[in-house]
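**Student:** Here's a sequence, model it:
(2 chains)
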Number of protein chains: 2
Amino acid sequence: MQAEQHLPFELPPVTFYPGPSKVYLQLSRYMQDAFTQGILSINHRSATFMEICRKAIEHTQAKLNLPDGYKVLFVSSATESWEIIAQSLIGRKSFHLYNGAFGQKWMEYTQKIHPASNGFQFDVNQALSPDDIQVPADAECIALTQNETSNGTQVSNAIITQFKQKYPHMLVAVDATSSLGGIKLDFIAADIWFASVQKCLGLPAGLGLLIVSPRAMERAREIGDNTYYNSLLFMAENIEKYQTHYTPNVLNIYLLMRVMEEVEDISIIDKRTRQQAHAWYHFFEKYTSVSPIVTNTAVRSDTVIAIGADKQQIAFIKERTKQAGIIIGNGYGSWKETSFRIANFPAISLQEIQDLQHCLAGVL
Amino acid sequence: MQAEQHLPFELPPVTFYPGPSKVYLQLSRYMQDAFTQGILSINHRSATFMEICRKAIEHTQAKLNLPDGYKVLFVSSATESWEIIAQSLIGRKSFHLYNGAFGQKWMEYTQKIHPASNGFQFDVNQALSPDDIQVPADAECIALTQNETSNGTQVSNAIITQFKQKYPHMLVAVDATSSLGGIKLDFIAADIWFASVQKCLGLPAGLGLLIVSPRAMERAREIGDNTYYNSLLFMAENIEKYQTHYTPNVLNIYLLMRVMEEVEDISIIDKRTRQQAHAWYHFFEKYTSVSPIVTNTAVRSDTVIAIGADKQQIAFIKERTKQAGIIIGNGYGSWKETSFRIANFPAISLQEIQDLQHCLAGVL
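**Tutor:** Here you go, the predicted model:
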């Protein structure tokens, strides 16, 4: 996105938290536009809303290069997507590949609805391969976390494609919460993708995107779930009219429309994200007191940089960055006190990155 | 609320739509505060968020005079509340009293989950009475729509209390979507209340409030539902820590905190709402070409004024108000073309009401 020309009077604190995360500075202006244009009060069945909804979807489809026929649906959070997938796209059993807290939670939330679901836990340094893993023949859906926010690992497009090719009769569902909009995803390689807007899309929390292929919709029709207000078939029926299955977060859909209209094509963003990720890992190589949690460079995340050190060092780093007015992410789960995380999301400016690196250089 | 001192540069169009509806003008400033203070990026497990969440809840409890022990929970919409109640607070069967589209939808959404649920449809001009209605002995929950947005009727606190007294072993659940924050509700008379913030609370859409009594929580523990991400027990466990069961609409919770801090006590708002409702009905009495849908004055809503007329007249009124830059609500369902609706919500100013009355006086 172009640098904001009409800078707001006062800027928010600098944050590298990996979600909710830094929002585009343009939001100050977009929110005022929403206020003065009465967007905060429009009816969600009105022509004005339907137009905003249509544009938000079409800009998203265009900028992310979604394949033809892939639907974009609005949900309240990525967590809700776990439930919708379990209820509407899995009849009895899914198989989960996970190496961290969010992938594991996805499996556990699904098991409450489908107790037969199970999974395979792999090491943070292991590159997944369909050659090493036998997905049970009775699984209907393979669930993968493309970017595991808790430990800073990612699964490549190539690997997702390999699973899809080895198991063509199964659906492949991908959690891209912390990567969608930050790196180029090969959407054709899976049937279900979901993400939250408060990560790589630079928007405030309170809206999730659920993206489904024509094949996923076909499967939804076979399963025929119509029990819930957020049953996929009912959601899809509403979005055909550019409406939603509930009174949605209209403001955030409007902000998504504005942001997706302005951002560059994902191929340009992807290049910058990967270069910056490379620069971040290179930066930390210079210091012996810290190192990325993940030693296998092939599986390191491009959007969430997780750096480990001993407890005292981590506390010291967090204290110093805080003094410098910069928020960095805490570690997660078992890494809570022995790591910190840095978002490498598109809304973060080069100046902010340089400021953080300058601050860290004085500590490490 | 006090008149906004720092008026935004440009004001939104005047709207009387009964939801999403007019927001407080203060929101222009509150949203900028949220931006500059970095609220749009705060982590939803952080101390900062927990403090905002706590204050939002405590101001709501105080200003609405909630009884001790009543929990305030955050959901994405009132529709989601229907589902949470069905899943976590009804074991097998609820009984629904309804006279309009939203009450009926609530029953139908519940029947998908509990096919044994049924209900009693009453006329828009009928004042409900437990003497006239036999609730089936095996119903666990009586579901009432306190304010039916589709036709402009309401059920009084006294009647809700009578049902509670006649059926003390059942839960009473009340949809107060279009009245909570606008009139004084006798919360002790029911176990479950829910509403959306885009009605009488003057906030943008994208957040609902679910209010539950200690007795409702006891029933939730008996039923023991823990299957869903929005199972009530899990939601309650999170809100104990002033956190939520999903990444919530943080901005709207912040705005709720700001608004509930500033609004007057519900007893003062209630008095003004009822006086203004009386004035509205009195205003329309002067004209023979229009009349309230509801002829029984005892059941007319104080917050949603539904006015009927013939099709041509309605079209003419809508055209003229639109020309005057004022948005009024369409009719709903079978009244779509033969009525219009006017929100009588606290955020609407006396000046705006006078402007609309002036405009209508020239048409009627």
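**Student:** Tally up the residues packed near the residue of the stretch 51-200 of chain A at minimum distance from chain B, please.
**Tutor:** Using Cβ to the nearest Cβ, the single residue of the stretch 51-200 of chain A nearest to chain B is A:Ser76, 3.7 Å away. Quick note: C-beta positions are derived from backbone N, CA and C, even for glycine. By the criterion of other Cβ atoms under 10 Å in any protein chain shown, A:Ser76 has 28 neighbours.
**Student:** Excluding chain neighbours, what is closest to it?
**Tutor:** The spatially closest residue to A:Ser76, leaving aside those adjacent along the chain, is B:Ser76, at 3.7 Å (Cβ to Cβ, 6 or more residues apart in numbering or on different chains).
**Student:** Touching, that neighbour and B:Leu209? I think so.
**Tutor:** No: counting by Cβ atoms under 8 Å, B:Ser76 sits too far from B:Leu209 to count as a contact (11.1 Å).
**Student:** where in chain A is pLDDT low?
**Tutor:** Applying pLDDT under 70 to chain A flags residues A:6-9.
**Student:** run the last query once more with 90
**Tutor:** Along chain A, the parts satisfying pLDDT under 90 run over A:1-11, A:19, A:334.
**Student:** in the longest helix anywhere in it, what counts as buried?
**Tutor:** Across chain A, the helix with the greatest residue count (assigned by DSSP state H) is helix A:266-285. Neighbour counts over helix A:266-285 (16 or more other Cβ atoms under 10 Å in any protein chain shown) mark A:266, A:269-270, A:273-274, A:276-277, A:280-281, A:283-284 as buried.
**Student:** what does stretch A:151-171 give?
**Tutor:** A:151-155, A:157, A:159-164, A:167, A:170-171.
**Student:** Restricting to C-alpha, output that stretch in CSV.
**Tutor:** In CSV, the C-alpha atoms belonging to stretch A:151-171 read as follows (Å, rounded to 0.1, in the frame of the first residue of the first chain):
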residue,chain,number,x,y,z
ASN,A,151,6.1,-21.4,17.1
GLY,A,152,6.9,-19.6,13.9
THR,A,153,6.8,-22.5,11.4
GLN,A,154,5.1,-22.8,8.1
VAL,A,155,4.1,-25.5,5.6
SER,A,156,5.0,-24.7,1.9
ASN,A,157,2.6,-24.6,-1.0
ALA,A,158,4.4,-27.5,-2.5
ILE,A,159,3.8,-29.7,0.5
ILE,A,160,0.1,-28.9,0.6
THR,A,161,-0.1,-29.8,-3.1
GLN,A,162,1.6,-33.1,-2.5
PHE,A,163,-1.0,-34.1,0.2
LYS,A,164,-3.8,-33.0,-2.1
GLN,A,165,-2.3,-35.1,-4.9
LYS,A,166,-1.7,-38.2,-2.8
TYR,A,167,-5.3,-38.0,-1.3
PRO,A,168,-7.4,-36.6,-4.1
HIS,A,169,-10.7,-38.0,-2.6
MET,A,170,-10.2,-36.1,0.7
LEU,A,171,-10.8,-32.4,1.3
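**Student:** Just checking, which helix or strand succeeds the host helix or strand of A:Ile239 along the chain?
**Tutor:** Using DSSP states H and E, A:Ile239 sits within helix A:232-240. Toward the C-terminus, helix A:232-240 is succeeded by helix A:250-262 as the next helix or strand (DSSP H and E).
**Student:** Which other helices and strands does that following helix contact?
**Tutor:** Packing partners of helix A:250-262 (3 or more Cβ pairs under 8 Å, 6 or more residues apart in numbering or on different chains; DSSP states H and E): helix A:27-36, helix A:47-63.
**Student:** for those, which one ends up most surrounded?
**Tutor:** Most buried of the helices and strands packed on helix A:250-262 by mean neighbour count (mean count of other Cβ atoms under 10 Å in any protein chain shown) is helix A:27-36; its value is a mean of 21.
**Student:** Just checking the distance from it to the centre of its chain.
**Tutor:** With Cα atoms, centre = their mean, to the nearest Å as the basis, helix A:27-36 stands 24 Å off its chain's centre.
**Student:** With stretch A:162-176 instead?
**Tutor:** The answer for stretch A:162-176 is 18 Å, by Cα atoms, centre = their mean.
**Student:** ok, that stretch near chain B or not?
**Tutor:** No: Stretch A:162-176 is not in contact with chain B by Cβ under 8 Å from any Cβ of the partner chain; minimum separation 13.4 Å.
**Student:** And the contacts of that stretch?
**Tutor:** With contacts defined as Cβ atoms under 8 Å, 6 or more residues apart in numbering or on different chains, stretch A:162-176 is touched by A:78, A:81, A:85, A:89, A:94, A:102-103, A:106, A:128-130, A:135, A:139-147, A:160, A:185, A:189-195, A:215-216, A:219.
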